[in-house]
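Q: with the input below, show me the fold.
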Amino acid sequence: MKDLIKIRDLAVRFYTYEGIVYAIDDLDLEIRQGETLGIVGETGSGKTMTALAILRLIPYPGKIESGSILFFDKSIDQELELLKLRDDRMRSIRGNRISMVFQEPGAALNPVYTIGDQISEVFLLHRRRELAQRAKQRLDSLLSDGNGLAAGVKRPFWGWQRRIYDKIAKESHAFEPRLLGRLPLFRRLLWRMGYEAKLLTVDMLKDVEIPDAARVAVQYPHQLSGGMKQRAVIAMALACSPELLIADEPTTSLDVTIQAQMLELFRRIKVDKGASILFITHNLGVASEVCDRVAVMYAGRLCEVAPVGEMFVHPLHPYTKALLNAVPMPGKKLETIPGVLADALNPPPGCRFHPRCPSAMPICGQERAKLKEVSKDHMVACHLY
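A: Modelled structure (predicted):
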């Protein structure tokens with residue numbers, strides 16, 4: 001199975017008045033085509049920063065210091081270096097080939113626009129050719145419906161409109177449509193593309209199992225429940241059938257019943273759309289249900305990467321074992337991880353987990369262990385192995 005994303009030596013720093021925050025440090029990770037890769041770890045371990053780095057959306061004053069992120073482009077059968085692409089090329093990939101479901105759906109949705117308008121914007125930005133083709137076909141059917149427009153008495157406006165749609169269908173960013181699109185009068189005449197986008201939006205809302213999708217499309221975010229908002233955000237992310245869907249803790253704010261529905265939805269997305277999913281969570285139970293492989297992060301570094309079954313049955317890294325022991329279980333005393341998460345401003349030398357590790361050795365505070373394969377697809381960064 002080919003790798004869809006290859007991350008190599010990725011380093012993300014935040015330059016603050018207090019000092020340099022080492023958010024991600026020399027990260028190596030692969031996301032394979034058609035798989036669900038989970039990233040787990042405590043709050044502040046760098047899970048979300050990894051996702052934002054893939055999309056080149058690191059907020060100020062953050063900066064991607066070094067490394068490479070390779071994205072396999074199936075259309076040209078070669079890898080693209082995302083960190084070196086021009087901004088306009090990256091914008092054509094972001095939200096189109098790679099989409100993200102953000103952690104808080106209420107913050108991800110604009111409160112002054114309807115759900116339908118916000119999802120339609122994705123279609124109008126990334127699927128202009130398809131919309132123009134659909135609008136042209138609909139216009140052709142109107143011209144031949146026997147209402148006086150088919151017998152050669154074609155209004156000049158209709159013929160001109162069809163020609164513009166034809167140009168957009170052949171080249172989505174052709175000069176003439178872009179020029180005319182800046183004029184308010186002509187922009188209003190191209191309303192059919194917006195109409196087609198609204199139809200696709202309703203279909204997209206139905207795909208994520210929103211009941212009465214046409215009604216929801218004209219509602220505002222504050223009129224929806226948490227689960228409905230989350231489905232709307234997922235619909236927006238899936239609008240262009242992305243090859244990689246990044247889900248940043250999509251079930252954190254939902255109750256258990258809705259959470260189960262969301263997890264089932266992600267399973268269906270993977271099967272129906274054939275997309276790869278990067279699933280970020282701090283809930284190990286959720287990770288065990290939806291992921292094929294799991295990567296454990298601590299203080300901006302990878303501790304362990306393994307298939308989900310292997311990870312939960314034979315964890316190797318002391319931090320992975322501590323996380324699993326901290327999961328509440330009936331009839332078992334709840335264990336906690338002593339100490340606090342490593343300070344990103346002044347990280348400890350060597351292994352960053354060694355101040356909290358029950359198996360720490362002198363070398364752990366002096367030298368960082370490199371990620372190495374101990375069995376098939378099972379990687380661990382620990383001096384014990």
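
Q: going by C-alpha atoms from here, please, whenever you check contacts or count neighbours.
A: Will do.

Q: now residue 367: which helix or strand?
A: Under DSSP states H and E, no helix or strand contains residue 367.

Q: just give the nearest non-adjacent residue to it, would you?
A: Among residues not flanking residue 367 along the chain, residue 350 sits closest, at 4.2 Å (CA to CA, 6 or more residues apart in numbering).

Q: which residues touch the one you found?
A: Shown in contact with residue 350 (CA atoms under 8 Å, 6 or more residues apart in numbering): 363-369.

Q: ranking these by neighbours, who comes first?
A: residue 364 (21 neighbours; other CA atoms under 10 Å).

Q: residue 355 is in contact with that one, correct?
A: No - Residue 364 is beyond contact range of residue 355, at 9.1 Å (criterion: CA atoms under 8 Å).

Q: just for the stretch 1-150 of the chain, where's the confidence low?
A: Low-confidence regions of the stretch 1-150 of the chain, defined by pLDDT under 70, span residues 1, 142-150.

Q: what about the strands in it?
A: Secondary structure of the stretch 1-150 of the chain (DSSP state E, counting those that start in this stretch): strands located at 3-15, 20-32, 36-40, 62-73, 78-81, 98-101.

Q: deepest of the ones you listed, which one?
A: Across the strands of the stretch 1-150 of the chain, averaging neighbours per residue (mean count of other CA atoms under 10 Å) puts strand 36-40 on top, at a mean of 27.

Q: each with direction, which strands does that strand pair with?
A: strand 276-280 (parallel), strand 293-298 (parallel) (DSSP bridges).

Q: between those strands, which one is closest to residue 213.
A: For the strands paired with strand 36-40, the distance to residue 213 is smallest for strand 276-280, at 25.0 Å, taking CA to CA.

Q: state the next helix or strand along the chain beyond the closest one.
A: helix 284-290.

Q: helices or strands up against that next one?
A: With contacts taken as 3 or more CA pairs under 8 Å, 6 or more residues apart in numbering; DSSP states H and E, helix 284-290 sits against strand 36-40, helix 256-273, helix 308-313.

Q: enumerate the positions of it that are buried.
A: The neighbour-count check on helix 284-290 (16 or more other CA atoms under 10 Å) flags 284, 286-288, 290 as buried.

Q: can you tell me which of these is nearest residue 243?
A: Comparing the buried residues of helix 284-290 against residue 243 with CA to CA places residue 290 closest, at 17.4 Å.

Q: so that closest one sits right up against residue 262, yeah?
A: No - counting by CA under 8 Å, residue 290 stays clear of residue 262, with 10.4 Å between them.

Q: any idea how far residue 117 is from the nearest residue to residue 250 once chain neighbours are set aside?
A: Spatially, and ignoring its direct neighbours in sequence, residue 250 is nearest to residue 103 (5.7 Å; CA to CA, 6+ apart). Applying CA to CA, to the nearest Å, the value for residue 103 to residue 117 is 21 Å.

Q: cool, and residue 79?
A: 34 Å.

Q: now do residue 67
A: 37 Å.

Q: now swap in residue 333 and tell me
A: Distance, residue 333 to residue 117, by CA to CA: 50 Å.

Q: got it, and residue 89?
A: For residue 89, the distance to residue 117 (CA to CA) stands at 24 Å.

Q: and the next helix or strand past the helix or strand where residue 205 lies?
A: Using DSSP H and E, residue 205 maps to helix 191-207. Counting by DSSP H and E, the next helix or strand C-terminal to helix 191-207 is helix 213-217.

Q: centre of the chain to that next one, how far?
A: Counting by CA atoms, centre = their mean, to the nearest Å, helix 213-217 is centred 24 Å from the centre of its parent chain.

Q: can I get the helices and strands packed on helix 284-290 in a markdown table including distance to residue 75?
A: Output for the helices and strands packed on helix 284-290, formatted as a markdown table (distance: least, CA to CA, whole Å):
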| stretch | distance to residue 75 |
| --- | --- |
| strand 36-40 | 22 |
| helix 256-273 | 17 |
| helix 308-313 | 31 |
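
Q: lowest average pLDDT across the ones you listed?
A: With a mean of 82, helix 256-273 has the lowest mean pLDDT of the helices and strands packed on helix 284-290.

Q: just to revisit the earlier point, can you redo the strands paired with strand 36-40 as TSV with mean pLDDT?
A: Compiled in TSV, those are given as follows (pLDDT from 0 to 100):
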stretch	mean pLDDT
strand 276-280	94
strand 293-298	95
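
Q: quick one: the ones you listed as a markdown table, columns for distance to residue 199 and mean neighbour count too.
A: Output for the strands paired with strand 36-40, formatted as a markdown table (distance: least, CA to CA, whole Å; neighbours: other CA atoms under 10 Å):
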| stretch | distance to residue 199 | mean neighbour count |
| --- | --- | --- |
| strand 276-280 | 26 | 25 |
| strand 293-298 | 37 | 24 |
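
Q: nearest to residue 11, of the ones you listed?
A: strand 293-298 (13.9 Å).

Q: okay, the angle between the closest one and strand 20-32?
A: Computed by axes from the mean of the first three to the mean of the last three CA atoms, to 10 degrees, the angle separating strand 293-298 from strand 20-32 equals 170 degrees.

Q: if we can go back for a sec, so where does the residue nearest to residue 367 fall, helix or strand?
A: For residue 350, there is no enclosing helix or strand under DSSP H and E.

Q: okay, it: pLDDT?
A: Confidence at residue 350, expressed as pLDDT, is 91.

Q: OK, contacts around residue 270?
A: Applying CA under 8 Å, 6+ apart to residue 270 gives the contacts 34-36, 276-277.

Q: and of the residues you listed, the nearest to residue 13?
A: Among the contacts of residue 270, and counting by CA to CA, the member closest to residue 13 is residue 277, at 25.4 Å.

Q: surely that closest one touches residue 244?
A: Yes - with contact defined as CA under 8 Å, residue 277 and residue 244 form a contacting pair (5.7 Å).

Q: picking up where we left off before, may I have the helix holding residue 205 as CSV, with CA atoms only?
A: Output of helix 191-207 as CSV, limited to C-alpha atoms (Å, rounded to 0.1, in the frame of the first residue of the first chain):
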residue,chain,number,x,y,z
TRP,A,191,-26.7,32.4,-10.7
ARG,A,192,-27.2,28.9,-12.1
MET,A,193,-23.9,27.8,-10.8
GLY,A,194,-24.9,28.9,-7.3
TYR,A,195,-28.2,27.0,-7.8
GLU,A,196,-26.4,23.8,-8.7
ALA,A,197,-24.1,24.3,-5.7
LYS,A,198,-27.1,24.5,-3.4
LEU,A,199,-28.5,21.2,-4.9
LEU,A,200,-25.2,19.5,-4.3
THR,A,201,-25.1,20.9,-0.8
VAL,A,202,-28.5,19.3,0.1
ASP,A,203,-27.2,16.0,-1.4
MET,A,204,-24.1,16.3,0.8
LEU,A,205,-26.1,16.9,3.9
LYS,A,206,-28.1,13.8,3.1
ASP,A,207,-24.9,11.8,2.7
